[in-house]
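Novice: Please find the sequence and the predicted model below.
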Amino acid sequence: QVQLVESGGGLVQPGGSLRLSCTASGFTFSDYHINWYRQAPGKEREPVAFIANTGRSSNVVNSVKGQFTIYSDNAQNTVYLEMKYLSPADPAVYSCRVRIAARDYWGQGTQVTVSS
C-alpha cells in the first residue's frame with residue numbers, strides 16, 4: 001500500500017536548520033510529484049514546496065524562498081526539505097503528500113519546534 005513516512009523534525013533554536021525527509025513506498029516513486037505542507041497550531045494547512053517526479057523541477061512558496069530547499073533522491077525514494085534560518089514563524093507539523101489516481105495520500109507528519 002502507499003505509504004509516506006516523514007522524519008527529521010525536532011526542536012531547534014531560532015536561526016537553526018533542519019532537514020526533513022519523506023520516504024515513500026508502495027508506488028513507483030519516479031512517476032509522481034510530491035508536495036510538502038505544514039500546519040501550525042490553530043491555522044490551516046498550507047503548501048510549502050513541490051517537486052516534480054523527475055526531480056528536475058521544483059518550487060517553494062514565496063514566504064520561504066531563500067530559506068527552504070526541496071530536492072529528491074529517486075534511488076532512495078525520498079524527498080527532502082532543507083530548512084534554514086528557522087524562526088518563530090516556522091513551527092508546525094510538516095507533512096508530505098502524493099496524489100495518485102485523484103486520491104491524496106499523506107504521511108503522519110513530523111513536528112518542527114523553534115525555541116531558544
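Specialist: Perfect, thanks for sending it.
Novice: Not counting its neighbours along the chain, what's nearest residue 8?
Specialist: residue 20 (4.1 Å; Cβ to Cβ, 6 or more residues apart in numbering). C-betas here are computed from N, CA, C, even on glycine.
Novice: which outside residues touch the one helix or strand that neighbour maps to?
Specialist: Assigned by DSSP states H and E, residue 20 belongs to strand 18-25. Applying Cβ atoms under 8 Å, 6 or more residues apart in numbering, the contact partners of strand 18-25 are 2-10, 12, 34, 36, 76-83, 86, 94, 96, 98, 107, 110, 112.
Novice: In strands, which of those fall?
Specialist: Secondary structure from DSSP state E places 3-7, 10, 12, 34, 36, 78-83, 94, 96, 98, 110, 112 of the contacts of strand 18-25 in strands.
Novice: Quick check on the residues you listed: which are buried?
Specialist: Buried members of these, counted by 16 or more other Cβ atoms under 10 Å: 4, 6, 12, 34, 36, 78-81, 83, 94, 96, 98, 110, 112.
Novice: Neighbouring strands - and their directions - for the strand holding residue 20?
Specialist: strand 3-7 (antiparallel), strand 78-83 (antiparallel) (DSSP bridges).
Novice: Adding mean pLDDT and distance to residue 25, write the ones you listed out as CSV.
Specialist: What follows is those, written out as CSV (pLDDT from 0 to 100; distance: least, Cβ to Cβ, whole Å):
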stretch, mean pLDDT, distance to residue 25
strand 3-7, 98, 5
strand 78-83, 98, 10
